[in-house]
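When you get a sec, could you give me coordinates for this:
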Amino acid sequence: MNNQQHELLNLKQTIFEQKRKIQQNERSEYLIENYKETIERNAKEKQELKNRIEQIRQHYTELNDVKDERERENCQLRNKILEKCSIIQNLEKQIHEIKTQILSTRNDQFVAYDNDNEQILPNKKTKIKHMPSSTFIGRYVSNGSANGRPMYMGPKGGIFYINGNENKTYLSNFQKAELIL
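All right, here's what the predicted structure looks like:
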């Protein structure tokens with residue numbers, strides 16, 4: 001092997017190494033470019049996620065504000081309901097007092113009064129002997145012979161009138177009652 005051949009061989013080897021380095025550099029540049037694109041893509045996704053998280057936080061805050069407002073409204077409604085219940089209880093007490101005033105007992109015979117403060121007496125055919133535990137509550141309304149008869153509430157809450165045979169006839173339908181309070 002002569003000197004020229006040796007130099008040629010060295011030159012070929014150098015060229016081969018240079019080509020390999022160029023290929024490595026190209027490969028490195030390609031990887032670097034892909035890495036940069038990946039970093040940019042990740043940065044965009046990160047920003048989008050930050051924006052989405054901020055939107056969710058704002059929505060959460062709005063929902064909490066709505067929830068707080070609903071709780072305030074519910075509290076106000078509860079207070080109004082309690083107030084109305086108290087008013088109803090007072091009215092029920094007043095109704096009971098008025099019914100108690102309407103009812104009086106004389107000589108063990110039941111006597112009640114209507115809206116005009118006139119005494120309501122049973123008709124002559126019907127004798128009511130003793131009903132101290134029954135309260136007059138109004139008149140029975142019907143198309144039959146019982147129309148206009150006094151209605152009473154018994155001690156257990158039953159509503160009745162005295163029929164022509166002097167027996168109690170209990171009512172299940174209170175729509176036919178004309179209540180006197």
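
secondary structure class for residue 16?
Following DSSP: H, G, I helix; E, B strand; the rest coil, we place residue 16 in the helix state.

any idea how far residue 161 is from it?
125 Å (CB to CB, to the nearest Å). For every residue, glycine as well, the C-beta is placed using N, CA and C.

List the residue ranges of this protein that fall below the pLDDT cut-off.
Applying pLDDT under 70 to the chain flags residues 1, 100-133, 173-181.

repeat that for 50
104-119, 121-130, 175, 180-181 (pLDDT under 50).

in it, which spans are strands?
For the chain, the strands defined by DSSP state E cover 104-106, 109-113, 119-120, 135-140, 150-153, 159-162, 168-171, 177-179.

Give me the more crowded residue out of residue 16 and residue 161.
The neighbour comparison of residue 16 against residue 161 (other CB atoms under 10 Å) goes to residue 161, with 21 against 10.

Just give the nearest non-adjacent residue to that one, would you?
Computed as CB to CB, 6 or more residues apart in numbering, the closest residue to residue 161 that is not its neighbour in sequence is residue 149, at 4.3 Å.

Show me how this structure divides into domains.
1-102, 112-179 (automatic domain parsing).

so what's the residue most central in space within the chain up against?
In the chain, the centroid-proximal residue (CA atoms, centre = their mean) is residue 74; its distance is 9.0 Å. Residue 74 sits next to no residue when contact means CB atoms under 8 Å, 6 or more residues apart in numbering.

how near is it to residue 60?
Taking CB to CB, one finds residue 74 at 21 Å from residue 60.

Residue 81 too?
31 Å.

now swap in residue 165 and tell me
75 Å.

ok, now residue 16?
On the measure of CB to CB, residue 16 and residue 60 end up 64 Å apart.

What number of neighbouring residues does residue 99 come out with?
Around residue 99 there are 16 residues (other CB under 10 Å).

For it, which non-adjacent residue is spatially closest?
In space, residue 99 is closest to residue 135, 5.4 Å off (CB to CB, 6+ apart).

On the strand side of things, show who that neighbour bridges to.
residue 153 (DSSP bridges).

ditto for the one 5 residues further on
Applying DSSP bridges to residue 140 yields these beta-bridge partners: residue 177.

Surely it and residue 152 touch.
No. With contact defined as CB atoms under 8 Å, residue 140 does not count as touching residue 152 (10.1 Å).

starting at the chain centroid, how far to stretch 64-83?
Distance, stretch centre to chain centre, for stretch 64-83: 11 Å (CA atoms, centre = their mean, to the nearest Å).
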